[in-house]
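1. A predicted structure for the sequence below; I have some questions about it.
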Amino acid sequence: MYSRTYTFSQLQGSIWGFVVGDALGVPVEFEPRVVLKSFPVKHMRGYGTHKQPQGTWSDDSSLLFCTMESLCQGYNLQDMAKKFIEWYRNGLWTPYGQVFDVGNTTRNGILNLEKGNLVHEATLNDERSIGNGSLMRILPIVFWVSKMSINERFEIIKQVSSLTHAHLRSVLACFIYVEFMWQLIENKTLRKAYENTQLLVNDFCDRQYFLKAEAKHFHRILQEDISKYKESEISSTGYVVHTLEAALWSFFTGNNYEEVTTLAVNLGDDTDTTGAIAGSMAGLYYGLDSIPEDWRDVIARKMDILFLIEKFYHALNK
Ligand SMILES: [Mg+2]
């Protein structure tokens, strides 16, 4: 019944859109919006916050690639955890062999994985740990769950998020994102994709008593129309609700890949993650060719990424 399909080019568009958006944000991560107003990002820059050359992607893309590589061998949380540890300890899927950026909850989550626990239980009820650290690596799961029912999709998303971020708000943010990406894959208009996502997610949350309270935190996305808000009403911190709001707002406000990602990055604060999430939506919707070629050309380990995307596609479509 659930035989939804995606094309190789949709997969490419979303992954490259993500990585390029991440790299666009890296040099200005943590910059406040007011600073970027007078010095906005308009093209791929180098150095800045992390003193990394042009085209350097961050932990967001590293953990995304680790997830993809793990899924090439099938769905195995233990293996996924092993790859995250390998990234943190030995620089697996880093641009130049070094980890230069890691969020607190992700770091603590990985230390917990090293003890053999596949759920970061400390985050279950901790309001301070509702960051975007699982949202920023969930994109490969969009493709993994293509043949699953909504209940199964939610369960997989919950498990994968909980490796580092077990709070239901982080899980729900990932779920809304995955459902929205599917609506885009199915070639809906932006409006239709958004409306369908609201219907599907609201209906699902209504039927799951444990999600009802959490869904309220997403009311600007799920009950209202996030695209109608003014820029001044959109926050772009590392709080997962802010990240999802900011990414959707940028995606609806911009008219092409370049506009969407520069809007997202110039919101300031958690620029790499906002840029990456908004970039994945724009790359999927407008296509790979919409991503400026000179932005893609400078991306670190371009060939490795190309091969990984091919390997991932073939592994999932055998
Ligand atoms: Mg990052």
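-> Arrived safely, thanks for sending.
2. which residues touch the residue in the stretch 51-200 of the chain positioned nearest to the ion?
-> Of all residues in the stretch 51-200 of the chain, Ser58 sits closest to the ion, at 3.3 Å by Cβ to the ion. Any C-beta I mention is one placed from the backbone N, CA and C, and that applies to glycine too. By Cβ atoms under 8 Å, 6 or more residues apart in numbering, Ser58 lies in contact with 22-23, 25-26, 29, 50, 100-101, 272.
3. how much space is there between it and Val102?
-> Between Ser58 and Val102 the distance is 9 Å, computed by Cβ to Cβ, to the nearest Å.
4. Dihedrals phi and psi, the residue of the stretch 51-200 of the chain closest to the ion?
-> Taking degrees, to the nearest 10, you get phi -110, psi -170 for the backbone angles of Ser58.
5. The closest residue to Cys72 other than its chain neighbours sits in which helix or strand?
-> Nearest residue to Cys72 in three dimensions, chain neighbours excluded: Ala315, at 4.1 Å (Cβ to Cβ, 6 or more residues apart in numbering). Per DSSP states H and E: Ala315 is located in helix 302-316.
6. residues from the stretch 51-200 of the chain in reach of the ion?
-> 58-60 (Cβ under 5 Å from the ion).
7. Am I right that Lys192 is in contact with Leu184?
-> No. With contact defined as Cβ atoms under 8 Å, Lys192 does not reach Leu184; the gap is 10.0 Å.
8. The residue in the stretch 201-318 of the chain that the ion sits nearest to: what's it in contact with?
-> Nearest residue of the stretch 201-318 of the chain to the ion (Cβ to the ion) works out as Asp272 at 4.1 Å. The contact partners of Asp272, by Cβ under 8 Å, 6+ apart, come to 21-26, 29, 57-58, 60, 101.
9. which residue is nearest the middle of the protein?
-> Residue closest to the average C-alpha location in the chain (Cα atoms, centre = their mean): Met136, at 3.3 Å.
10. Does that one belong to a helix, a strand or coil?
-> Met136 falls in the helix class when you classify it by DSSP: H, G, I helix; E, B strand; the rest coil.
11. for the one 10 residues further on, same thing?
-> For Ser146, the assignment made with three-state DSSP gives coil.
12. That one reaches Arg4, doesn't it?
-> Yes. Under the criterion of Cβ under 8 Å, Ser146 makes contact with Arg4 at 5.0 Å.
13. Of the two, which one has the most company?
-> Using other Cβ atoms under 10 Å as the criterion, Ser146 and Arg4 rank with Ser146 on top: 16 against 11.
14. ok, now which ones touch the more buried one?
-> Neighbours of Ser146 in contact, by Cβ under 8 Å, 6+ apart: 2, 4-6, 182, 316.
15. Can you say which of the residues you listed are buried?
-> 6, 182, 316 (16 or more other Cβ atoms under 10 Å).
16. between those residues, which is closest to Glu86?
-> Closest approach between the buried ones among the contacts of Ser146 and Glu86, by Cβ to Cβ: Leu316, at 21.6 Å.
17. Next one, pLDDT for the closest one please.
-> The confidence metric pLDDT takes the value 96 at Leu316.
18. separation between it and Leu308?
-> 12 Å.
19. same question, Glu293
-> 20 Å.
20. More neighbours: which of those two?
-> Per other Cβ under 10 Å, whichever of Glu293 and Leu308 has more neighbours is Leu308, with 18 against 7.
21. how many neighbours does Ser236 have?
-> With other Cβ under 10 Å as criterion, Ser236 counts 27.
22. thought it was touching Asp270?
-> Yes. If you go by Cβ under 8 Å, Ser236 and Asp270 touch, sitting 5.9 Å apart.
23. Find residues that contact each of those two.
-> 242-243.
24. so what's the closest residue to His50 other than its chain neighbours up against?
-> In space, His50 comes closest to Phe100 once its chain neighbours are excluded; the distance is 5.1 Å by Cβ to Cβ, 6+ apart. The contact partners of Phe100, taken as Cβ under 8 Å, 6+ apart, are 50, 52, 58, 94.
25. now the residues you listed: which count as buried?
-> In the contacts of Phe100, the ones that pass as buried (16+ other Cβ under 10 Å) are 52, 58, 94.
26. Output the lowest mean pLDDT helix or strand found in the protein.
-> The weakest-scoring helix or strand in the chain, judged by mean pLDDT, DSSP states H and E, is helix 209-215 (a mean of 91).
27. From the rest of the structure, what touches that helix?
-> Helix 209-215 has contacts (Cβ under 8 Å, 6+ apart) with 168-169, 172, 201-202, 204-206, 222.
28. Just to be sure, Tyr88 is in a helix?
-> Yes. Applying three-state DSSP, one finds Tyr88 inside a helix.
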